[in-house]
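1. build me a structure from this.
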Amino acid sequence: MEENLVQIIIKNILLALFISQFSMAFVIMVMGRVTWNFINFGITENPETRADKRTNILTLATSGIGWYLYKRLLNYNWFARKALMFVGVLVVGISFIIIYTIVMSVVKYLL
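-> This is a model prediction of the structure:
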């Protein structure tokens, strides 16, 4: 069965979001606080202007899962943080594969 244009666009958007999220979570797991501080520098805590809100949306859309996981794990020591981040990256990767499969089967069914 041949894919139509809408299926290709949805597939590419999902893959781009999932790959960017997963790769940034992996980089944050490996590099740790260096990468997290770099991403955190681009995020405004209480954005007031539209430009700040857009920057936050773009930053979190490309690195949100890894940034959030690392932020939640900051209270743990270095080894526990790395181990928990590794488990988190594995769970995120598996859940992305499941979500992608479900969404694409629904899209193929509807189109």
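
2. could you pull out the buried residues of the lengthiest helix in the chain?
-> If you go by DSSP state H, the chain has its longest helix at helix 78-110. Residues 81, 84-85, 88-89, 92, 96, 104, 107 are the ones in helix 78-110 that count as buried (16 or more other Cβ atoms under 10 Å). The C-beta positions use only the backbone N, C-alpha and C, and glycine is treated the same way.

3. quick one: these as CSV, columns for pLDDT too.
-> Listed next are those as CSV, based on pLDDT from 0 to 100:
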residue, pLDDT
Arg81, 94
Leu84, 95
Met85, 95
Gly88, 94
Val89, 95
Val92, 93
Phe96, 95
Met104, 94
Val107, 93
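
4. export those to a markdown table and tack on distance to Gly42?
-> Putting those into a markdown table (distance: Cβ to Cβ, whole Å) gives the following:
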| residue | distance to Gly42 |
| --- | --- |
| Arg81 | 22 |
| Leu84 | 24 |
| Met85 | 20 |
| Gly88 | 21 |
| Val89 | 21 |
| Val92 | 21 |
| Phe96 | 23 |
| Met104 | 31 |
| Val107 | 32 |
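
5. quickly check these for the two that are furthest apart.
-> Arg81 and Val107 (37.2 Å; Cβ to Cβ).

6. leaving aside the residues next to it on the chain, what's closest to the residue most central in space within the chain?
-> Residue closest to the average C-alpha location in the chain (Cα atoms, centre = their mean): Gln21, at 2.5 Å. Nearest residue to Gln21 in three dimensions, chain neighbours excluded: Ile65, at 4.7 Å (Cβ to Cβ, 6 or more residues apart in numbering).

7. still on that earlier bit, specify which member of the buried residues of helix 78-110 is nearest to Phe26.
-> For the buried residues of helix 78-110, the nearest to Phe26 is Val89 (5.6 Å; Cβ to Cβ).
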